[in-house]
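Based on what follows, work out the 3D shape:
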Amino acid sequence: MSLKVERIVTGPFQENSYIAWQDGLPSCLVIDPGDDPGLIIEVILGNDLSPIAVVNTHAHLDHIGGVSGLKEKYGIPFYLHPNEKPILDGYERDCAFFGITPKITPTVDHWLSAGELKVSDFLIQCVETPGHTPGGTCLVINEHVFTGDTIFAGSVGRTDLPGGNWDTLCDSLVKAMENISHDCILHPGHGPDTTLEKEIKQNPFLIPLLKRVNSF
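Model prediction:
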């Protein structure tokens, strides 16, 4: 069954929030709802969908601002990698730094880990890709990969924020290129969709790492 994905650009950082559902079924996942929960809810209602969980790639302020609103509206659980707890705990501090009024810091219901995560009818392959943040995770569902701020079209995540580490990110990028199918569609946290195949050929941050990838 094919996966349908809708992107909603939210908040002052123009972050990509995603709704993912199996074609023909009402259940959906909300991935990285960064802000504007009302806008995300409008899209959910417009597609006659029923959210069953929020799953995040990481916990930066521009990726979690809509989580609590969706949890309150639908009574659904929130999944996050445990290494993101320091980032999540700093949500209000980080909002103050950027001059943003914080929403309610979301409570994590389930800590995810590497490997398969089954949420109702959805089977998610969680690929740990720290570096941008300590617990950054790429979420693979069918031929779709939600990369958060690990890989973008033409770029990769920054590592100059608390919890970031460039060498760790490079290791994660190598791991992603080895473990994620190159023809998968990448849905990044900012900017347009791309594919891993395209990024391997064109992304100036990935090309120097190819000599470390076992499949090359």
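
got the residue ranges for the strands in this protein?
Taking DSSP state E as the test, the strands found in the chain are 3-10, 15-22, 27-31, 50-55, 78-80, 110-111, 115-119, 122-128, 137-141, 144-148, 151-152, 155-156, 185-188, 194-195.

closest one to D62 among these?
strand 15-22 (4.4 Å; CB to CB). Glycine gets a C-beta too; all of them are placed from N, C-alpha and C.

Can I get that closest one in PDB? Just the C-alpha atoms.
C-alpha atoms of strand 15-22 as PDB (Å, rounded to 0.1, in the frame of the first residue of the first chain):
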ATOM      1  CA  GLU A  15      10.000  24.200   9.100                       C
ATOM      2  CA  ASN A  16       8.500  21.300   7.200                       C
ATOM      3  CA  SER A  17       5.800  19.500   9.200                       C
ATOM      4  CA  TYR A  18       4.500  16.300   7.600                       C
ATOM      5  CA  ILE A  19       1.300  14.200   7.600                       C
ATOM      6  CA  ALA A  20       1.800  10.600   6.400                       C
ATOM      7  CA  TRP A  21      -1.000   8.100   5.700                       C
ATOM      8  CA  GLN A  22      -1.500   4.900   3.800                       C
END
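
In the chain, where is pLDDT below threshold?
The chain contains residues with pLDDT under 70 at 1, 215-216.

which helix is the longest one in it?
If you go by DSSP state H, the chain has its longest helix at helix 166-179.

Run through who's touching that one.
For helix 166-179, the surrounding residues in contact (CB atoms under 8 Å, 6 or more residues apart in numbering) are 127-132, 136, 138, 147, 150-151, 156-157, 159, 196, 200, 205-206, 209-210, 212-215.

ok, now stretch 111-125?
Defining contact as CB under 8 Å, 6+ apart, one finds that stretch 111-125 is touched by 20, 22, 25, 27, 29, 52-53, 55, 79-82, 126-128, 137, 139-141.

just to revisit the earlier point, need the strands of the chain in a markdown table (columns: distance to I40 and mean neighbour count).
Output for these, formatted as a markdown table (distance: least, CB to CB, whole Å; neighbours: other CB atoms under 10 Å):
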| stretch | distance to I40 | mean neighbour count |
| --- | --- | --- |
| strand 3-10 | 6 | 17 |
| strand 15-22 | 6 | 23 |
| strand 27-31 | 7 | 25 |
| strand 50-55 | 9 | 22 |
| strand 78-80 | 14 | 23 |
| strand 110-111 | 20 | 13 |
| strand 115-119 | 18 | 13 |
| strand 122-128 | 18 | 19 |
| strand 137-141 | 17 | 25 |
| strand 144-148 | 15 | 26 |
| strand 151-152 | 21 | 25 |
| strand 155-156 | 25 | 20 |
| strand 185-188 | 15 | 22 |
| strand 194-195 | 23 | 18 |
